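> output the structure for:
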Amino acid sequence: MDNQNKNLLLATVLSGLVIVGWTVLFPPSPAVDPNAPAETSTSATDQASGDTALTPGADAPAGQSAGATAPGEMGATQTAESEAARVTIDTPRISGSISMLGGRLDDVELKDYHVELSDASPLVTLMSPVGSQDPYYALFGWAAGAGVDASAVPGPDTLWQAEDGATLTPETPVTLTWDNGAGLVFRREYAVDPDYMFTVTQSVENTTGAAVNLRPYGLLRRHGEPSTLQNFFVLHEGLVRMSDGTLQEEKYKKMTEFDTDTREGAPADRVEVTENGWIGFTDHYWMSTLIPQQGQPFRSVAKYYPNADIYQTEAVMPLQEIAPGATGTSETRLFAGAKETDTIRHYQDDEGVDRFIDSIDWGWFFFLTKPIFAVLHWLSVFFEGLGLKGHMGWAIIALTILLKALLFPLAYKSYASMAKMKELQPQMEKLKERAGDDRQKLQKEMMELYKKEKVNPAAGCLPILLQIPIFFSLYKVIFVTIELRHAAWVGWIRDLSAPDPSSILNLFGLLPFAPPSPESFIAILSLGVLPILLGISMWLQQKLNPAPADKSQAMIFAWMPWVFMFMLGNFASGLVLYWITNNTITFIQQYTIMRSHGFKPDVFGNIRNSVKFGKKDAGKKAGDKK
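The predicted structure follows:
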């Protein structure tokens, strides 16, 4: 087998191992509609264990289970939740409401994003109140310090007051108030910008005759794992935290090992941030993150309450001593929205949120995924500015051309080496005849021939090996970034982050029935137009060279394009589009370079020979049966 075929076989084996590993060992779970109605309004765990209230860190009284409420209290909480007044949220990009029960931010929908492609599909729901399918909300407050009774501070079930008819908009903040009746008056102002950032300013006025010690906090609480959880190897979902420049990502499964006790030395996941940081939960495309004032210390805590199946993240600020007649204040920001790169970068660069861009899951190859996405995004904006429809698809094609141009010097050496190897083929055959069965002698004389002719047989491997991390990085970018979500290209390709929806089983829509669903066992046969074009492009690239003389090798190479066609058939359309473009450019480059070195690839001849080989092999098998 010549070196070019060895290189091709190496590439296919390496790529195949990774693709099979990802798709078989770590298959993505089918997505569940986050707006589907809950089967029951109160789960068994909620009824048994109740809601959990924050008792931050060392302030928890000795012997008290931090955050636990009496069994059965959740039922009462849900009743109160449904009856509590609400403040409407209405911004250009968010709709929802704040419950006066605990002052909870627990109702957030994203106006720019639908669950499905259709505009008639429900809006994406980010936060939901207790009693819904996926309770998920933000709470803010003050924890009682030494000498202050816990009943003197507002809790998750405190009923706040707001002005009648108040609506939270970017122009009109809303202030909630609660008087504990014992000399402490609490106020909480919610403000929001036109995108996804809330600013929560808490204050407490001390009208008593003694100083009080209080600790402000903000928390995010998620009841159970989200129904949209995919548990896919290439995607991070769960805890995301930045602590003084250190990024931490933990999946929900890992969070179940965290304790609820945050005192010094306890096993809960607690980090003392000295200056800059943030903490929250990230989903595939959405995120909620608590951002204390940058430049001040705070306690960053992640918890799991096993009895209630509640995941919780906290930002707990330093203890404040509020003198008589004085007012203590604290400000915390909350990002609750889509992980749009430009929006998140704006909060990082213009609003001072330290390293916020790292909240997007760039993966281990971040040094490739970040620049690849930056170029892809720039190209998309450029084509959109030209008024070109399907600009993201054209951006993928343009990006592929740029990547091939960058790798062209290496590709040139590779293809030139292949062409030189073709020229040496007659001498190689003579060496094989002369060496006979002496493999050691053959290898020695071959190396001497390579040295004499200045040919590196491994030169063709480097471009292939470089393409593998690029392929993985582009796969990560297409799968993770929201800019590819529901991004159309041409005709039937309306979502480049999803597989090609067309199917050969219904003749690409000509027959009056739908193709099988992705969950069906015959879905692998439901090839779309792009996967078929991928198989053809790989097959044509293979025909630049004659089939190996060895029949077993020839059979493997003959089937390889079609095996890859089925393997990649359910990959994102954007990735398949990249692979087709890459194969096409590689074919043109290799053909041109080989011609420039005096070797003319006989593509049509190789195709005819492969057809003859197939017929001859079939005839031989028929003869063997006789």
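
> for the stretch 451-600 of the chain, which segments count as helices?
Along the stretch 451-600 of the chain, the stretches classed as helices by DSSP state H, counting those that start in this stretch are 461-480, 529-542, 551-567, 573-596.

> distance check, the residue minimising distance to the centre of the chain against residue 289.
The centroid of the chain falls nearest to residue 480 when counting by C-alpha atoms, centre = their mean (3.2 Å). Distance, residue 480 to residue 289, using C-beta to C-beta, to the nearest Å: 17 Å. C-beta here means a position set from N, CA and C on the backbone, and glycine is covered the same way.

> what's the spacing between the residue lying closest to residue 104 once chain neighbours are set aside and residue 343?
Nearest-residue entry for residue 104: residue 137, 4.8 Å, with adjacent residues in sequence omitted and distances by C-beta to C-beta, 6 or more residues apart in numbering. As judged by C-beta to C-beta, residue 137 and residue 343 stand 22 Å apart.

> neighbour count: these two, which is higher?
Each of residue 137 and residue 343 has its neighbours counted (other C-beta atoms under 10 Å); residue 137 has more, 24 against 18.

> helix or strand: which one has that one?
Here residue 137 is covered by strand 136-144, with elements defined by DSSP states H and E.

> show me what that strand is packed against.
Helices and strands in packing contact with strand 136-144 are listed as strand 104-114, strand 123-127, strand 197-206, strand 212-223, strand 286-292, strand 327-338; criterion 3 or more C-beta pairs under 8 Å, 6 or more residues apart in numbering; DSSP states H and E.

> what's the first helix or strand after it?
From strand 136-144 onward toward the C-terminus, using DSSP H and E, the following helix or strand is strand 167-168.

> any idea which helix or strand comes after that following strand?
The C-terminal neighbour of strand 167-168 among helices and strands, as given by DSSP H and E, is strand 174-179.

> buried ones in that next one?
For strand 174-179, burial by neighbour count (16 or more other C-beta atoms under 10 Å) applies to 174-178.

> angle of it against strand 136-144?
Computed with axes from the mean of the first three to the mean of the last three C-alpha atoms, to 10 degrees, the direction of strand 174-179 lies at 40 degrees from that of strand 136-144.

> strand 174-179 vs strand 197-206, what angle?
For strand 174-179 against strand 197-206, the angle between stretch directions is 30 degrees (the same axes, to 10 degrees).

> so how far does stretch 89-101 reach from one end to the other?
Here the two ends of stretch 89-101 are set 16 Å apart, with distance taken as C-alpha to C-alpha, to the nearest Å.

> in three-state terms, label residue 448 for me.
Reduced to three states with DSSP: H, G, I helix; E, B strand; the rest coil, the structure at residue 448 is helix.

> so in this structure, where's the weakest helix or strand by average pLDDT?
Of all the helices and strands that make up the chain, the one with the lowest confidence by mean pLDDT, DSSP states H and E is helix 44-49; it has a mean of 29.

> residue contacts, residue 180?
By C-beta atoms under 8 Å, 6 or more residues apart in numbering, the residues touching residue 180 are 151-154, 186.

> neighbours of residue 197, how many?
20.

> for residue 366, same thing?
Neighbouring residues of residue 366 were enumerated by other C-beta under 10 Å; the total is 15.

> what is the nearest residue to residue 166 once chain neighbours are set aside paired to in the beta sheet?
Leaving out its chain neighbours, the residue that sits closest to residue 166 by C-beta to C-beta, 6+ apart is residue 174, at 4.8 Å. Residues in a beta bridge with residue 174, per DSSP bridges, are residue 190.

> how close does residue 174 get to residue 351?
Noted for residue 174: a distance of 21 Å to residue 351, by C-beta to C-beta.

> so where is the stretch 301-450 of the chain shaky, pLDDT-wise?
Low-confidence segments of the stretch 301-450 of the chain, defined by pLDDT under 70, are located at 418-419, 422.

> same thing but at 80, please
Counting by pLDDT under 80, the low-confidence segments of the stretch 301-450 of the chain come to 410-439, 441-442, 445-446, 449-450.

> now the strands for it?
310-316, 320-322, 327-338 (DSSP state E, counting those that start in this stretch).

> any chance of those in a markdown table with distance to residue 409 and mean neighbour count as columns?
As requested, the strands of the stretch 301-450 of the chain are arranged in a markdown table below (distance: least, C-beta to C-beta, whole Å; neighbours: other C-beta atoms under 10 Å):
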| stretch | distance to residue 409 | mean neighbour count |
| --- | --- | --- |
| strand 310-316 | 48 | 24 |
| strand 320-322 | 62 | 17 |
| strand 327-338 | 40 | 21 |
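
> so for residue 363, which of these sits nearest?
strand 327-338 (19.2 Å; C-beta to C-beta).

> who does that closest one pair up with?
Applying DSSP bridges, one finds strand 327-338 paired with strand 197-206 (antiparallel), strand 286-292 (antiparallel).

> could those strands go into TSV alongside distance to residue 443 and mean pLDDT?
Listed next are these as TSV, based on distance: least, C-beta to C-beta, whole Å; pLDDT from 0 to 100:
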stretch	distance to residue 443	mean pLDDT
strand 197-206	66	97
strand 286-292	57	98
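
> ok, which of these comes nearest residue 545?
Between residue 545 and the strands paired with strand 327-338, the tightest spacing by C-beta to C-beta is seen for strand 286-292, at 48.3 Å.

> got the angle for that closest one vs strand 123-127?
Counting by the same axes, to 10 degrees, strand 286-292 lies at 40 degrees to strand 123-127.

> pull out the buried residues from stretch 135-154.
Neighbour-count burial for stretch 135-154, counted by 16+ other C-beta under 10 Å, picks out 135-145, 148, 152-154.

> wait, I meant stretch 389-407
In terms of neighbour count (16+ other C-beta under 10 Å), stretch 389-407 has its buried residues at 390-400, 403-404, 407.

> wait, which of those residues is closest to residue 256?
Out of these, the member with the shortest distance to residue 256 (by C-beta to C-beta) is residue 392, at 37.6 Å.

> quick one: residues contacting the closest residue to the closest one other than its chain neighbours.
Closest residue to residue 392 apart from its sequence neighbours, by C-beta to C-beta, 6+ apart: residue 487 at 4.1 Å. By C-beta under 8 Å, 6+ apart, the residues touching residue 487 are 392-393, 495-497, 574.

> against residue 361, how distant is residue 487?
Remark: distance between residue 487 and residue 361 (C-beta to C-beta) = 18 Å.

> check residue 308 too.
When distance is defined by C-beta to C-beta, residue 308 is 28 Å away from residue 361.

> likewise for residue 231?
To residue 361, residue 231 is 14 Å away according to C-beta to C-beta.

> next: residue 559.
36 Å.

> who's more crowded, those two?
Between residue 559 and residue 361, counting by other C-beta under 10 Å, residue 361 is the more crowded of the two (20 against 10).

> and this protein, what are its domain boundaries?
Dividing the chain into domains by automatic domain parsing, as the record does, gives the ranges 3-27+369-612, 44-361.

> ranking those domains by mean pLDDT, which is last?
Of all the domains of the chain, the segment with the smallest mean pLDDT is domain 3-27+369-612, scoring a mean of 79.

> next, the contact list for residue 535, please.
Neighbouring residues of residue 535 by C-beta under 8 Å, 6+ apart: 561-562, 564-565.

> so what's it closest to, chain neighbours aside?
Excluding its sequence neighbours, the residue lying closest to residue 535 (C-beta to C-beta, 6+ apart) is residue 565, at 3.1 Å.

> so who does the residue nearest to the centre of the chain touch?
Each residue near residue 480 by C-beta under 8 Å, 6+ apart is listed here: 234-235, 284, 360-363.

> now residue 272
297, 299-300.

> circling back: quick check, the residue nearest to residue 104 in contact with residue 103.
No: under the criterion of C-beta atoms under 8 Å, residue 137 lies out of contact with residue 103, with a separation of 10.3 Å.

> coming back round to it: in the contacts of residue 535, find the pair that's most separated.
Farthest pair in the contacts of residue 535 (C-beta to C-beta) is 562 and 564. Separation: 7.3 Å.
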